[in-house]
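S.K.: quick check, what structure comes out for this input:
(chains A and B)
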Amino acid sequence: MSQRDLVAELRAAHVEAPPEVRERVRLVAAGAPAPPRRITWRRALVVVVPVAAALAATIVFTRPAKQQQTVLEANKPARIQPSAGAATDRAAKAFAVPSPTNRVQKYEATLSLRVEHARDVSDGVKRALRIATSFGGYSSSVHAETHGSRAVADLTLRIPRTRIQEAMAKLAQLGTITDENVSTVDQTALLNNTDRKIARLQKQLAKLRAEPKSDGNDRSIAALVKRIETLQRGEATTRRNAHYATVHLHLETPPVTVAQKHGHGPLHGVGVALTWLGIGAVYALAIGVPVAVLLGIVWLCVRIVRRRRENALLQI
Amino acid sequence: MTFQQAAEAHLDDVYGYLAWFTSDRFAAEDLTAVTFERALRLWHRFDPDRGSVRTWLCQVARTVALDHFRSERRRTRREELAAPPEAIDFRFAEGLSPDLESALARLTAGEREVVALRVLLDLDAGAAARILGISPTNCTTRLNRALKKLEEALHVAA
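M.R.: Numbers count the residues shown, from 1 in each chain, chains lettered A, B, ... in the order given. Prediction:
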């Protein structure tokens, strides 16, 4: 019999499991649970993609719109927008120092503003002068200078004290407030003292005039009159000065910051990271390769031993 | 494919493989049942992308049969001291000539296994090699040796 005939006869043989084995297996298979759903990469994608999209959408839509701007301007003082009513309120609130009109007070304010460009300094000076004039005030001094993109201006404005708060609110809109200072000194008591002193002197003067004339009497009268006039002039000057508030306005562009060079390019961090990754990889290779080789050898030995035992077992 | 369908479709294959492998009808019947019990427990691990159900069931059956051989060897070692093992009258399949039956009986378990897989179950070299845990070339070599041995046995019988 040739090998081909042998194979043909073997293939023609039919082996069928006995009915009792069939029944046993049927009983075993009857207890099989429903087939579990396999997680293929397509099914995983069907779940993962919508979940990722939903997460991304949640992050994008729930993030505050002005968060980035807030972070960027966290270190900057708040800029007061010219058209914003809230800005006016803020400026008014910032200088809300009570200045009663029935009292005589010396009012001084210092306001430092930062503007973006040198031309804004020039415009700011013009607008500040217009503001002072519009409130019935005037400028007592103006000093402005420009060096390239850097510009500075210092103004001293005299504005009626009754309208100082409105004027300050308007001036604050010229730029970003970097510094502000307000001081008031009440001079009513001083003027009252002067008034009492003048009244006393006038009584003395009336008494002297009632006395008979003499050279000494005339000299005393002349001295008293001169002193009373001096006191009255001083009082008038004080009242006139108190009528106007003094505002020192300082406008300037931001200082030009020169970028400091560290000798590193923009990809320096990437280079450092790659260097450390390389070092890590070398260490991993130095340790991992011998371990992997050792594990491979052990695995091969186990496999060979198992194969030999199996072959010995099958030599029955 | 459900486990029930797989069991129904490949019961004869598994039984035939185990019967030829063990050359013991009673052992094959028990091992077939054990194979399907174990396969049921491991059914969640079956991956159709890595091979057919028949190949996977034969792999499970082989593991079960090897366990059986190990336990039999231990048992035989103990018992043959008291009494020699009895020869079991076993027929490999219906329709085989007596000479071929006796020639098959002379083969070792390893040789019968490869003949069962490649000839009886008609598996290709790759699938049979995967069950045996060897390379397809090695599987073919084993089959040729087994067939040559069968041929020689038949020649001697003739």
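S.K.: out of the helices and strands in the chain, which is least certain?
M.R.: Using chain A. helix A:67-72 (a mean of 42; mean pLDDT, DSSP states H and E).
S.K.: switch to chain B, please.
M.R.: Result, chain B / mean pLDDT, DSSP H and E: helix B:98-106, a mean of 84.
S.K.: from the contact counts, what lies against it?
M.R.: Here helix B:98-106 touches helix A:3-12, helix B:136-157, going by 3 or more C-beta pairs under 8 Å, 6 or more residues apart in numbering or on different chains; DSSP states H and E. C-beta: built from backbone N, CA, C; applies to glycine.
S.K.: report how many residues lie close to the residue in the stretch 101-250 of chain A that chain B sits nearest to.
M.R.: When scored by C-beta to the nearest C-beta, the stretch 101-250 of chain A has residue A:116 as its residue closest to chain B, at 65.6 Å. Residue A:116 has 12 neighbours, counted by other C-beta atoms under 10 Å in any protein chain shown.
S.K.: per-residue confidence at residue A:271?
M.R.: Listed pLDDT for residue A:271 reads 89.
S.K.: that one: neighbouring residues, count only.
M.R.: Counted with other C-beta under 10 Å, residue A:271 comes out at 11.
S.K.: likewise for residue A:162?
M.R.: 14.
S.K.: can you pull the pLDDT of it?
M.R.: 85.
S.K.: quick one: contacts for residue A:149?
M.R.: A:117, A:118, A:253, A:256 (C-beta atoms under 8 Å, 6 or more residues apart in numbering or on different chains).
S.K.: which one of those has the most neighbours?
M.R.: Result: residue A:253 is most packed of those (other C-beta under 10 Å), 22 neighbours.
S.K.: wait, that residue sits on residue A:124?
M.R.: No: in this structure, residue A:253 is not within contact of residue A:124 by C-beta atoms under 8 Å, at 10.3 Å.
S.K.: overlap in contacts, these two.
M.R.: Between them, residue A:253 and residue A:124 share the contacting residues residue A:115, judged by C-beta under 8 Å, 6+ apart.
S.K.: ranges for the helices of the chain?
M.R.: If you meant another chain, say so; for now it's chain A. For chain A, the helices defined by DSSP state H cover A:3-12, A:19-30, A:41-62, A:67-72, A:85-94, A:118-134, A:164-172, A:188-210, A:215-243, A:268-313.
S.K.: wrong chain, I was asking about chain B
M.R.: Under DSSP H, chain B gives helices at B:3-22, B:25-42, B:53-79, B:98-106, B:109-115, B:125-132, B:136-157.
S.K.: and the longest one, what does it pack against?
M.R.: I take that to be helix B:53-79. Using 3+ C-beta pairs under 8 Å, 6+ apart, helix B:53-79 is in contact with helix A:268-313, helix B:3-22, helix B:25-42, helix B:125-132.
S.K.: check which residues of that helix are buried.
M.R.: B:53-62, B:64-66, B:68-69, B:72 (16 or more other C-beta atoms under 10 Å in any protein chain shown).
S.K.: and those residues, which two are the farthest apart?
M.R.: Farthest pair in the buried residues of helix B:53-79 (C-beta to C-beta) is B:53 and B:72. Separation: 27.8 Å.
S.K.: ok, residue B:29 to chain A distance?
M.R.: For residue B:29, the distance to chain A (C-beta to the nearest C-beta, to the nearest Å) stands at 5 Å.
S.K.: residues touching that residue, list them.
M.R.: A:17, A:18, A:20, A:21, B:15.
S.K.: count the neighbours of the residue nearest to the last one when sequence neighbours are not counted for me.
M.R.: Residue nearest to residue B:15 in three dimensions, not counting chain neighbours: residue A:17, with 3.8 Å by C-beta to C-beta, 6 or more residues apart in numbering or on different chains. Residue A:17 has 22 neighbours, counted by other C-beta under 10 Å.
S.K.: please verify my assumption that residue A:17 contacts residue B:11.
M.R.: Yes: proximity of residue A:17 to residue B:11 meets the contact threshold set by C-beta under 8 Å, at 5.1 Å.
S.K.: give me the common contacts of these two.
M.R.: Shared contacts of residue A:17 and residue B:11, counting by C-beta under 8 Å, 6+ apart, come down to A:25, B:32.
S.K.: phi, psi for the residue of the stretch 101-250 of chain A closest to chain B please.
M.R.: Here is the backbone geometry of residue A:116 (degrees, to the nearest 10): phi -70, psi -40.
S.K.: okay but it is in contact with residue A:174, surely?
M.R.: No: using C-beta under 8 Å, residue A:116 makes no contact with residue A:174, being 11.6 Å away.
S.K.: circling back: so which of the helices of chain A gets nearest residue B:121?
M.R.: Shortest distance between residue B:121 and these, using C-beta to C-beta, is found for helix A:3-12: 10.0 Å.
S.K.: contact partners of that closest one?
M.R.: A:1, B:95-97, B:100, B:115, B:119-120, B:122, B:147-148, B:150-151, B:154.
S.K.: that helix: which residues count as buried?
M.R.: Using 16+ other C-beta under 10 Å as the test for burial, helix A:3-12 gives A:6, A:7, A:9, A:10.
S.K.: tell me the angle it makes with helix B:136-157.
M.R.: 100 degrees (axes from the mean of the first three to the mean of the last three C-alpha atoms, to 10 degrees).
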